[in-house]
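K.L.:
Need a 3D model of the following:
(one chain, ligands or ions: 2)
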Amino acid sequence: MREASERAGIENSQMILAYEPEAAALYCSLLPADQGIAKFFQENRKIMIVDLGGGTVDITVVKVIKKIDKLTYFEHVHKVEGGAWGGYHVNTQYERFLEDLFGKEIIEEFKRSNMSNFIEMMNDFEVEKKTLSDELKKVGIKISGELRSQYQLKHGKDIKKTLEEKFNDQIKVIGDKLKFDVEIFRSFFNECIQHIVNLIGKTCGFKGCEYPSAMILVGGFSDSNVVRKAIKGAFPAIKTVVSPVGAVLSVLKGSVVFGHEPTIVTGRVCCKTIGVALHRPYNPAIHVQEKTFKLGGKIRVDDCFEKMFTVNEVVHLGQMKTIEVHDLLTDSQVQSRRKQPKSIEVYATQSDDPKYITDPGCVLLGRITVNPPGGNWPEVVEGYIEMKPGGTEITVRYRDKQTGLITEGQIDFI
Ligand SMILES: Nc1ncnc2c1ncn2[C@@H]1O[C@H](COP(=O)(O)OP(=O)(O)OP(=O)(O)O)[C@@H](O)[C@H]1O
Ligand SMILES: [Mg+2]
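P.N.:
Numbers count the residues shown, from 1 in each chain. Ligands and ions are numbered 1, 2, ... in the order given. Coordinates of the predicted model:
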């Protein structure tokens, strides 16, 4: 995101990342009292925020820490859970349905040759998806004439005829529309609703998340009656399941306020273990021999994962972690390195106790490059690597012990 915004000409210092469920929580806490949502943001209460977007569903449980004037300060109770079960998944299911009716090949060929018509068809589906109500019995969605022609060309008959033979009254073509029972339409929602319910259920199972005072549904997909009803029905023990008016804009509006008040989230739960790559003195009891090398006459181990934050750890705003680092550049064969910049690589993993950065599941999050102070590293390099979460990003700094010089960069925290 930061790279994209830099390319778009936004000054680095003018940009902070807002995390969607947090922004929504902030927005909800500021709503007028008559909407009946802000009242849940009382000290020590826990609130579950379910952000139902287009691509993803993100769930977080926050605890209200304090209230000062109008602002509510809160921290996360558990790391954010999420999955690719947003509203767009329903559209994908409709696409699958079309593939079953017309054949995958024909739909793919139609997309290649008539993308704008395909988009028009999907837009029509989107309108029906947003207005689906309990009273409806049948749904009609526009079907392109071009698509019908392609079907006719391949099968020698109109799709209308095939549907009559196969589905009788359940699915048919009337005029330029594909008409079918609303139950079929509802079935496009089933898979993602099931996953959303599972995800909420899983979150409720984590320590501290069991009994939220309220569940607040935000994001565009929470405007769907089908989805709201299914969630309420699946969690009768949570008495309050609410959604703000204009749920689709709650994230956006909350982000604007967050930009002005980024300190309102006082603690976040690490969703991964974060550390840096270092070499360490060799200890045969814990290290593998394959990673050893010699430096200054001593045996060292390369690629060690030096843990700074552990998955599920609560990290408070401003809390800094420091490790001391050394490097010895006395050997004749490493003299060339004294003029070279050093790279501090930051890694992440889901494991809570990684040993090496080469362990399965470790990924490089980013790196900061530190230039030699005054153009030359001393023979004994001594310094500190410091990590400080500042909102949704972590500032990583190298502080040289001798010169006090600081080099810093920012890495995504969430
Ligand atoms: N009334 C409605 N009924 C059903 N779905 C709706 C309704 N209104 C919006 N949606 C769906 O909500 C989704 C968009 O929500 P939103 O704008 O919150 O997503 P986003 O923030 O862009 O996505 P993400 O959070 O995944 O990055 C779309 O899939 C859209 O079809
Ligand atoms: Mg969103």
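K.L.:
doesn't Gln402 make contact with Pro378?
P.N.:
Yes: taking contacts as Cβ atoms under 8 Å, Pro378 lies within contact range of Gln402: 6.6 Å. C-beta coordinates here come from the backbone N, C-alpha and C atoms, glycine included.
K.L.:
So between these two, which is more surrounded?
P.N.:
When neighbours are counted by other Cβ atoms under 10 Å, Pro378 and Gln402 differ, and Pro378 comes out ahead with 16 against 11.
K.L.:
And Gln93, how far from Glu108?
P.N.:
17 Å (Cβ to Cβ, to the nearest Å).
K.L.:
More neighbours: the two, which one.
P.N.:
Gln93 (16 against 11).
K.L.:
does the more buried one count as helix, strand or coil?
P.N.:
Here Gln93 is recorded as helix under DSSP: H, G, I helix; E, B strand; the rest coil.
K.L.:
Please report phi then psi for the residue lying closest to it once chain neighbours are set aside.
P.N.:
Among residues not flanking Gln93 along the chain, Phe188 sits closest, at 3.9 Å (Cβ to Cβ, 6 or more residues apart in numbering). Backbone geometry at Phe188, expressed as degrees, to the nearest 10, gives phi -70, psi -20.
K.L.:
Glu75 is in contact with Lys66, isn't it?
P.N.:
No: counting by Cβ under 8 Å, Glu75 stays clear of Lys66, with 10.3 Å between them.
K.L.:
Was I right to think the residue nearest to Gln93 contacts Phe97?
P.N.:
Yes: taking Cβ under 8 Å as the definition, Phe188 is a contact partner of Phe97 at 6.9 Å.
K.L.:
related to what we said a few turns ago, which one of Glu75 and Lys66 has more residues nearby?
P.N.:
Neighbours were counted for Glu75 and for Lys66 using other Cβ under 10 Å; Glu75 has more, 18 against 11.
K.L.:
Could you say which helix or strand holds that one?
P.N.:
Assigned by DSSP states H and E, Glu75 belongs to strand 71-76.
K.L.:
Report the buried residues of that strand.
P.N.:
Using 16 or more other Cβ atoms under 10 Å as the test for burial, strand 71-76 gives 72-76.
K.L.:
Likewise for stretch 103-114?
P.N.:
Here stretch 103-114 shows 103, 106-107, 110, 114 as buried, counting by 16+ other Cβ under 10 Å.
K.L.:
ditto for stretch 9-27
P.N.:
17-27.
K.L.:
coming back round to it: okay, and which of the buried residues of stretch 103-114 map to helices?
P.N.:
106-107, 110 (DSSP state H).
K.L.:
just these now: which is nearest ligand 1?
P.N.:
Nearest to ligand 1 out of these is Ile107 (Cβ to the nearest ligand atom; 20.2 Å).
K.L.:
need the residues of the stretch 101-250 of the chain near ligand 1, please.
P.N.:
126, 129-130, 219-221, 223-224, 248 (Cβ under 6 Å from any ligand atom).
K.L.:
Give me the buried subset of those residues.
P.N.:
Counted by 16+ other Cβ under 10 Å, those give 126, 129, 219-221, 223-224, 248 as buried.
K.L.:
Of the residues you listed, just say which sits nearest to Gln152.
P.N.:
Nearest to Gln152, judged by Cβ to Cβ, of these is Glu126 at 26.7 Å.
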